[in-house]
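Enquirer: With the input below, show me the fold.
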Amino acid sequence: MDRAAKKSFDNVHYLATEGTGRQIVRLKAKQVFFSQGSPAESVFYLQTGRAKITVVSKRGKEATVTLLAAGDFAGEEAITAGDALRTASASALIACIALKIDRTEMLRVLHEEHLFSDFFLNFMLRRGMRTQADLIDQLFNSSERRLARTLLLMAEFGEPGEPETLIPPVTQETLAEMIGTTRSRVSFFMNRFRKLGYIEYNGRIRVNRSLLTVVLHDQLPEENASRPKLLDPPPSAARTARRARLV
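Expert: Below you'll find the predicted structure:
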């Protein structure tokens, strides 16, 4: 293949169309792309919709690792080895359209088309940076700030002039799994964000730009005034007896 032919390769057209070794698949909400532990035989490129990556522990506990949006790849472990197994499961949050690329075809296009391999490498680097940011967020930020960041990422804020955005349907249990806290805490923080005007919540969640400003400038109001107060523990028997003697 000569240099002119390689320059003519079109990443957008390739990822938007079917061809040898690649097929467009359509999934309804909650349908599964692939399951943890199954053979990793293909890579998926999400054209439209939202999906999630989840893992299940040996004890059966499920956790959401990350959410996928249009333009994301999933199942890239398929290119590591011929007998690779899925390390996680991927399922649709809403209706999705994706390009399913067989392992052999994915390896071919990575080896032969430099424009595509550069594109894929850039994606993997950005995913690595996102994973690092998620880890830092988990280690150093409060669960309330982690929830705020997750909502902003789901709303895909970041570009000046973007409209206020509805996030895809997601349960409070899933949000709790993602930020490492309980559903009750997520419920409390969501109600607090709504009272402060950062989100609107009426069946679907709309994230307002004010939440972005707060997180960027580290200006989330102090929690003490609105955080539920713990009840005083009941007095012990010995303490009750001492009070009785004093009286």
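Enquirer: Report the buried residues of the top helix by length along the chain.
Expert: As assigned by DSSP state H, the longest helix anywhere in the chain is helix 114-140. Neighbour-count burial for helix 114-140, counted by 16 or more other CB atoms under 10 Å, picks out Phe116, Phe119, Phe120, Asp134, Asp137. C-beta coordinates here come from the backbone N, C-alpha and C atoms, glycine included.
Enquirer: And the chain, what are its domain boundaries?
Expert: Structural domains assigned to the chain are 3-133, 141-216, following automatic domain parsing.
Enquirer: rank those domains by pLDDT, which is bottom?
Expert: Mean pLDDT is lowest for domain 141-216 among the domains of the chain, at a mean of 81.
Enquirer: which residues in the chain form strands?
Expert: All strands of the chain, identified by DSSP state E, fall at 22-27, 32-34, 42-48, 51-56, 62-68, 73-74, 89-92, 96-102, 165-166, 199-202, 204-207.
Enquirer: would you list these in TSV and tack on mean neighbour count?
Expert: Output for the strands of the chain, formatted as TSV (neighbours: other CB atoms under 10 Å):
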stretch	mean neighbour count
strand 22-27	15
strand 32-34	19
strand 42-48	21
strand 51-56	19
strand 62-68	18
strand 73-74	20
strand 89-92	21
strand 96-102	21
strand 165-166	15
strand 199-202	14
strand 204-207	18
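Enquirer: Put together a markdown table for the ones you listed, with distance to Gln172 on each row.
Expert: A markdown table is the format used below for these (distance: least, CB to CB, whole Å):
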| stretch | distance to Gln172 |
| --- | --- |
| strand 22-27 | 23 |
| strand 32-34 | 22 |
| strand 42-48 | 24 |
| strand 51-56 | 14 |
| strand 62-68 | 12 |
| strand 73-74 | 24 |
| strand 89-92 | 18 |
| strand 96-102 | 22 |
| strand 165-166 | 16 |
| strand 199-202 | 11 |
| strand 204-207 | 10 |
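Enquirer: how about those strands, which one is nearest Thr182?
Expert: When those are compared for distance to Thr182 using CB to CB, the nearest one is strand 62-68, at 13.3 Å.
Enquirer: Among the buried residues of helix 114-140, which one lies nearest to Val55?
Expert: Val55 has its nearest neighbour among these in Asp134, at 14.1 Å by CB to CB.
Enquirer: Tell me who's in contact with Ala92.
Expert: Counting by CB atoms under 8 Å, 6 or more residues apart in numbering, Ala92 touches Leu27, Lys28, Ala29, Lys30, Gln31, Val32, Phe33, Gly49, Arg50, Ala51.
Enquirer: now those residues as CSV including distance to Glu62?
Expert: Listed next are the contacts of Ala92 as CSV, based on distance: CB to CB, whole Å:
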residue, distance to Glu62
Leu27, 19
Lys28, 20
Ala29, 17
Lys30, 14
Gln31, 17
Val32, 13
Phe33, 16
Gly49, 21
Arg50, 18
Ala51, 15
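Enquirer: Which member of the residues you listed is positioned nearest Phe188?
Expert: Distances from Phe188 to the contacts of Ala92, taken by CB to CB, are shortest for Arg50, at 25.1 Å.
Enquirer: For Asp102, see how far away that closest one is.
Expert: Going from Arg50 to Asp102 by CB to CB, to the nearest Å gives 24 Å.
Enquirer: Can you report how many residues neighbour Ile79?
Expert: Ile79: 18 surrounding residues under other CB atoms under 10 Å.
Enquirer: same thing with Asp10?
Expert: Number of residues near Asp10 (other CB under 10 Å) recorded here: 12.
Enquirer: now swap in Pro168 and tell me
Expert: Using other CB under 10 Å, Pro168 has 18 other residues around it.
Enquirer: repeat for Leu196
Expert: As a burial measure, Leu196 scores 15 neighbours (other CB under 10 Å).
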